[in-house]
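Asker: Have a look at this prediction, sequence included:
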Amino acid sequence: MLDDTWYTEQWAGEGSAISLELKEQIHDFQSPYQRVEVFQTTRFGKLMTLDGLVMVTERDEFVYHEMLVHPAMFTHADPKRVLIIGGGDCGTLREVLKHDSVQQVDMVELDQAVTEAAALHFPTLHAASFDPRARLYFQDGIAWVADAEPGSYDVILIDSTDPVGPAQGLFSVDFYRNCQRALASGGVLAAQSESPLFHADLIRAMQRDLKAAGFNDVATVDFPQCTYPSGWWSVTIGARDGSASTFRGEGGAPPTIASRYYNAARHRGALAPAQFMLG
């Protein structure tokens, strides 16, 4: 919902919504897949929406991108080859490239219009695309993983929209099975898994599906994200061989990375699920 002053996203079935005060709309494009809009807000910087739903704001994007990337990257012993499915704003790519061990990142985004909007309006995110280790492809990520050579990647990060439309296939046993095959020994997958408060059943289903796809262990980390439904968000991690709850820094020096939210203590605490999430 949009009037001249406020952007409002209603969370269907939950009796709640979020509103952000606007200055102006600065981008509006209908791609073959979705409507991509960018607004200048009064307090949250620039806001990008896809089909009327918040994708990213300048003010709080760092929490989501850091928590999607760093728990998975530090769960792996030595990540060199990384695949990002989605992530068209390039924020996930930015965080991956902070890891000196990384030699190559393939980012596979279905909708080039999202990345083009980021290039115009979110240059601090899009700047990561110029790193020589980064390779961007505008293709179907589901097909990409299905065609990947076995053992191609150390870490796979799924930075997807909600499980509807083209993104629905990213929340399936078949897709996770292809990811498991594409991961090398010791590989780690991490996928955004919606709100623990609103979508606990989806999180539990993801954990079951990852195990059914052959992942040895799964864990979900949660964190605040004030512009996403309920203000509480999560990422679910699957470990191909080892533990999804053990990360570099446990029992020794904590991992260090240039970050604003993520650190070893937050990683450790985020692994402890709320009781109602246990099912």
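Answerer: Thanks, I have it.

Asker: count of neighbours near Ala77?
Answerer: 13 (other Cβ atoms under 10 Å). From N, CA and C alone the C-beta is placed, and that goes for glycine too.

Asker: Contacts only, for it.
Answerer: By Cβ atoms under 8 Å, 6 or more residues apart in numbering, the contact set of Ala77 is 186, 248.

Asker: Can you say which helix or strand has it in it?
Answerer: Using DSSP states H and E, no element contains Ala77; it sits outside every helix and strand.

Asker: From Trp233, how far off is it?
Answerer: 27 Å (Cβ to Cβ, to the nearest Å).

Asker: again with Trp6
Answerer: Distance, Trp6 to Trp233, using Cβ to Cβ: 22 Å.

Asker: quick one, helices of the protein?
Answerer: Secondary structure of the chain by DSSP state H: the helices cover 61-75, 91-96, 112-121, 123-126, 141-147, 173-182, 200-212, 264-270.

Asker: In the fourth one, which residues are buried?
Answerer: Spelled out, that is helix 123-126. Residues 125-126 are the ones in helix 123-126 that count as buried (16 or more other Cβ atoms under 10 Å).

Asker: Extract the CA atoms of that helix and return them as CSV.
Answerer: Extracted in CSV, the C-alpha atoms of helix 123-126 (Å, rounded to 0.1, in the frame of the first residue of the first chain):
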residue,chain,number,x,y,z
PRO,A,123,26.3,1.7,-5.0
THR,A,124,27.8,0.6,-1.7
LEU,A,125,26.2,-2.8,-2.2
HIS,A,126,26.8,-3.1,-5.9
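
Asker: What helices and strands are in contact with the helix or strand of the chain with the lowest mean pLDDT?
Answerer: The weakest-scoring helix or strand in the chain, judged by mean pLDDT, DSSP states H and E, is helix 264-270 (a mean of 92). Helices and strands touching helix 264-270, by 3 or more Cβ pairs under 8 Å, 6 or more residues apart in numbering; DSSP states H and E, are helix 61-75, strand 217-224.

Asker: Put the alpha carbons of it into PDB.
Answerer: Listed next in PDB are the C-alpha coordinates belonging to helix 264-270 (Å, rounded to 0.1, in the frame of the first residue of the first chain):
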ATOM      1  CA  ALA A 264      31.300 -14.900  17.500                       C
ATOM      2  CA  ALA A 265      29.200 -14.300  20.600                       C
ATOM      3  CA  ARG A 266      26.100 -13.400  18.500                       C
ATOM      4  CA  HIS A 267      26.700 -16.500  16.300                       C
ATOM      5  CA  ARG A 268      26.900 -18.700  19.400                       C
ATOM      6  CA  GLY A 269      23.800 -17.200  20.900                       C
ATOM      7  CA  ALA A 270      21.800 -17.300  17.700                       C
END
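
Asker: how far does that helix sit from the chain's center?
Answerer: Taking Cα atoms, centre = their mean, to the nearest Å, one finds helix 264-270 lying 18 Å from the centre of the chain it belongs to.

Asker: what do you get for stretch 40-57?
Answerer: 16 Å.

Asker: Looking at Trp6 and Trp233, which has the bigger crowd around it?
Answerer: The residue with more neighbours, out of Trp6 and Trp233, is Trp233; 26 against 13, by other Cβ under 10 Å.

Asker: Who does that one form a beta bridge with?
Answerer: For Trp233, the beta-bridge partners are Phe223 (DSSP bridges).

Asker: That one touches Phe223, doesn't it?
Answerer: Yes: between Trp233 and Phe223 there is a contact at 6.1 Å, judged by Cβ atoms under 8 Å.
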